[in-house]
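In: make a model of this:
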Amino acid sequence: MAIKNRRWLLKRHPDPAELPGPEHFTLDEAKAPEPAEGQVLVRTIYLSLDPYMRGRINPARNYAQGVAVGEVMTGRVIGEVTASRRPGYERGDIVHANIGWQDYGVTGDAELRKIDPKLAPISTGLGLLGMPGLTAYFCLLDLGAPKPGETVLVTAASGAVGSVAGQIAKIKGCRAIAVAGSAAKIAYCTGELGYDAAIDYNAEPDLAAAIARAAPKGVDVFFDNVGGSVHQAVIERLNVGARIALCGVMSQYNPTERSRAVPYNLRNILIPRARMQGFLIYDYAAREREGLEALAAWYREGRIKFRETIAEGLESAPLAFRGLLRGENLGKQLVRVGPEPI
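Out: Predicted coordinates:
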């Protein structure tokens, strides 16, 4: 009997300033694919929604291949193997796979790996113990190189990456400052995540002054997920030898006149002799195991916490994606597509 497979296809590329939503996708139904030699068929349980996806549906050139009109929207999942033609993988295995926004997909690529359900909730394979957690780990520790007693400032601090980066900064003996966009996010950062101070950039008439109050001794490590006017305000407070770990530029995914118009004062980099470096997780594929082992150990020890915002049903994915880009989520944004195995 054929298995039906619902899948979200890209209907049209959003205009540069448009927030993606249901009008940009088509919910299609087809027969589930059959795995070829070396592949597995995966039933999606959780679908990850991530800011990088906005760049994948721009027609302009990006660091990775974009999604063409008519193709399945890209995305990583945690799922269950329902058929296997790949040695080492059996029916019932829980896996991390990159099969996109659909109920079922086949894969045998490098991103396919098993998930241990005994280690942590399987959903963490898309968050704390997945790409966001690994991004926070390597971007902060390799590019930021925080030292005990230093001040680390994190933007988008309540999100899937920022929430982990701030907690790692605390583990490393630093003073951690959060920048986020609502009172609820600020409470989450200072209450649950353990940030020492937090700034609601939407509530501050003078962001530079707010940063000066929160970081009276300056900023040594700037973990930036946002760019734009927030970035400009932070670099006015850099200490000599500061490191800027440029993890993302969310302010430019859907640019506004405000984000386009931000001037960049290079003197704020020159005078403190600061170093700024961009980060892509793909550069750290060979060290994935190192990062996962460290993050899992901290989780077992109770030193790192996580939170998930979960939308229900594959049909909810486009609206949940729009909400992610609006900053409506706390922690990792997921879609629960199917039930976990009993």
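
In: okay, helices next: where are they in the stretch 101-250 of the chain?
Out: Secondary structure of the stretch 101-250 of the chain by DSSP state H, counting those that start in this stretch: the helices cover 131-138, 162-171, 183-191, 207-214, 228-235.

In: so which of those helices gets nearest Ala294?
Out: Closest approach to Ala294 among the helices of the stretch 101-250 of the chain (Cβ to Cβ): helix 131-138, 6.5 Å. From N, CA and C alone the C-beta is placed, and that goes for glycine too.

In: list the contacts for the residue nearest the centre of the chain?
Out: For the chain, the residue nearest the mean C-alpha position is Pro132 (4.4 Å; Cα atoms, centre = their mean). Contact analysis of Pro132 by Cβ atoms under 8 Å, 6 or more residues apart in numbering lists 50, 126, 159-161, 164, 332.

In: mind checking which of those residues are in strands?
Out: Here DSSP state E is the test, and those give Lys332 as lying in strands.

In: so which of the contacts of Pro132 wins on neighbours?
Out: Highest neighbour count within the contacts of Pro132, by other Cβ atoms under 10 Å: Ala160, with 32 neighbours.

In: where's that residue relative to Val69, distance?
Out: 28 Å (Cβ to Cβ, to the nearest Å).

In: over to Glu340?
Out: 33 Å.

In: Lys31 now?
Out: Taking Cβ to Cβ, one finds Lys31 at 22 Å from Val69.

In: and the two? which has more neighbours close in?
Out: Val69 (13 against 10).

In: which secondary structure state does the more buried one sit in?
Out: coil (DSSP: H, G, I helix; E, B strand; the rest coil).

In: I'd guessed it sits against Pro14; true?
Out: No: in this structure, Val69 is not within contact of Pro14 by Cβ atoms under 8 Å, at 11.5 Å.

In: okay, now the unreliable bits of the stretch 151-300 of the chain?
Out: Scanning the stretch 151-300 of the chain for pLDDT under 70 picks out 254-263.

In: all strands of it, in order?
Out: Taking DSSP state E, counting those that start in this stretch as the criterion, the stretch 151-300 of the chain contains strands spanning 151-155, 175-180, 197-200, 219-224, 238-246, 275-278.

In: neighbouring strands of the fourth one in the sheet, and parallel or not?
Out: Paired with strand 219-224 in the same sheet, following DSSP bridges, are strand 151-155 (parallel), strand 238-246 (parallel).

In: got the contact list for that strand?
Out: 139-140, 144-147, 150-155, 162, 165, 169, 174, 177, 211, 230-231, 234-235, 237-239, 241-248.

In: ChimeraX command to pick out the buried ones of the residues you listed?
Out: If you want just the buried ones from the contacts of strand 219-224 in ChimeraX, going by 16 or more other Cβ atoms under 10 Å, the selection is:
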select :139,140,144,146,150,151,152,153,154,155,162,165,169,174,177,211,230,231,234,235,237,238,239,242,243,244,245,246,247,248
